[in-house]
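1. Structure of the sequence below:
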Amino acid sequence: MKYELVVIGGGPAGLAAAIEARENGIENILVIERDKEMGGILQQCIHNGFGLHEFKEELTGPEYAQRFIDELMEKGIEYKLDTMVLAVSRDRKIQMINTVDGFVEIEAGAIIMAMGCRERTRGAISIPGDRPAGVFTAGAAQRYINMEGYMVGKKAVILGSGDIGLIMARRMTLEGAEVEAVVELMPYSGGLTRNIVQCLDDYDIPLLLSHTITEIRGKGRVEGVTVAKVDENRRPIPGTEKHYECDTLLLSVGLIPENELSRGAELNIDQRTSGPIVNELMETSVEGIFACGNVVHVHDLVDFVSAESRRAGKAAARYLKKEVEKDGERKRITADYGVNYTVPQKVNLDNIESKLEIFMRVANVYRDVKLELRDGDKTLISLKKKHMAPGEMEKIVVPKVILDKVEGSELKVVVVEGGM
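-> Below is the predicted model:
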């Protein structure tokens, strides 16, 4: 069985990529989703705040997903639900299995990886103490409450201030639970400022920065946790311990791109993002295999996922129609002082039509600084920034006329302090 394009993942990234590929002339497309319905994580995100960039209106997660699902249906794009992809090879062969077709191997002219991300668990952060019931990842608790109709607890502490944790602090409160505190190891929050205001400040939920949980107590069920302040090396400071009685601990300690299939296909992985290294077309290190969304790097807004995935869908269509320049002048994009990573990590200038968008996250909280793109000692673009934080993705838009003037083989993105 052969397809022009196979999209792995039916969440917001995969849906946007498949629709854009169809709009760019690709007819034979298959979307593979392992869940029983499309929409990905959005189906359990019943709060609003989605779609402000994409649709210029405020939607809930399911409403946002449904816009793309409806469009996929209207365009007649083929999809398979409840289907697990077992392996992807470098020559674009896909092994998958479901209860209807059994084991199937298909071939694709191009593949878009859009598998999303997963949450870190307690095992990933090694919290000492007992191992009772009542410890959930924030996303698991969100699914239980919003989709399954189960309340996970009555008195909760949340470790980690990622966006899901912040949103669940509000959700638990609205469902009648008492949220004792949100505990954050770093000296800054990992979530969006608007979520700190709307989910914590508005409900008088304390945010304890530079703190961590040093012990979980309880045999059958969580009975309490011990919280301590940490030093500059993130080690607990003796004598600062405080005990909280609770029956639930939610973990919002980071997201990891789902790249087991990518590693199986021997794609080059960026150790900083844990996602594939991509170029200006969102093409990975293996020709004809593209990636987009949270499988590449974790986004803070689904609107940005959709925009990035449309670029991947359009690029895959260009590749299939043999409109991609494979030679040409290549440049590397690297993260310098104050910047954790960049996406893309490399570019072929001949494939850029009008502009290049470079996404990144900074390594710390910065105020009154400049974010610069440099070609050696020459500054190509300098943006004044009043505030930047690791929880909020940054972007530099580079017009092609500026890229045409690049002389070196490497572009660097750097934070310049004291420059305003």
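
2. quick one: contacts for residue 52?
-> By Cβ atoms under 8 Å, 6 or more residues apart in numbering, the contact set of residue 52 is 58, 303. (C-beta placed from N, C-alpha, C; glycine too.)

3. Tell me, how many residues neighbour the nearest residue to residue 406 once chain neighbours are set aside?
-> Excluding its sequence neighbours, the residue lying closest to residue 406 (Cβ to Cβ, 6 or more residues apart in numbering) is residue 375, at 5.0 Å. Neighbours of residue 375 under the rule other Cβ atoms under 10 Å: 19.

4. Which positions are bridged to residue 375 in the beta structure?
-> Counting by DSSP bridges, residue 375 forms beta bridges with residue 378, residue 411.

5. wait, it sits on residue 404?
-> No: with contact defined as Cβ atoms under 8 Å, residue 375 does not count as touching residue 404 (11.5 Å).

6. Check the gap between the residue nearest to residue 406 and residue 272 for me.
-> To residue 272, residue 375 is 22 Å away according to Cβ to Cβ, to the nearest Å.

7. what's the answer for residue 404, then?
-> According to Cβ to Cβ, residue 404 stands 29 Å off from residue 272.

8. So these two - more neighbours on which side?
-> Remark: of residue 404 and residue 272, residue 272 carries more neighbours, 15 against 10, as counted by other Cβ under 10 Å.

9. Could you pull up the residues touching the more buried one?
-> Counting by Cβ under 8 Å, 6+ apart, residue 272 makes contact with 335, 340, 341.

10. likewise residue 269?
-> Residue 269 touches 259, 262, 263, 275, 276, 277, counting by Cβ under 8 Å, 6+ apart.

11. Going by neighbour count, which of those comes out on top?
-> That'd be residue 276 among those, by other Cβ under 10 Å, with 29 neighbours.

12. Test my guess that that residue contacts residue 113.
-> Yes: the criterion here is Cβ under 8 Å, and residue 276 meets it with residue 113 at 7.0 Å.

13. Report the set of residues contacting both of those two.
-> By Cβ under 8 Å, 6+ apart, the residues touching both residue 276 and residue 113 are 259, 262, 267, 284, 291, 295.

14. and those residues as JSON lines, adding distance to residue 144, pLDDT and secondary structure?
-> Formatted as JSON lines, the shared contacts of residue 276 and residue 113 follow (distance: Cβ to Cβ, whole Å; pLDDT from 0 to 100; DSSP: H, G, I helix; E, B strand; the rest coil):
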{"residue": "259", "distance to residue 144": "26", "pLDDT": "95", "secondary structure": "coil"}
{"residue": "262", "distance to residue 144": "29", "pLDDT": "97", "secondary structure": "helix"}
{"residue": "267", "distance to residue 144": "34", "pLDDT": "97", "secondary structure": "coil"}
{"residue": "284", "distance to residue 144": "35", "pLDDT": "97", "secondary structure": "coil"}
{"residue": "291", "distance to residue 144": "30", "pLDDT": "98", "secondary structure": "strand"}
{"residue": "295", "distance to residue 144": "25", "pLDDT": "97", "secondary structure": "helix"}
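
15. That concludes my questions; thank you for your assistance.
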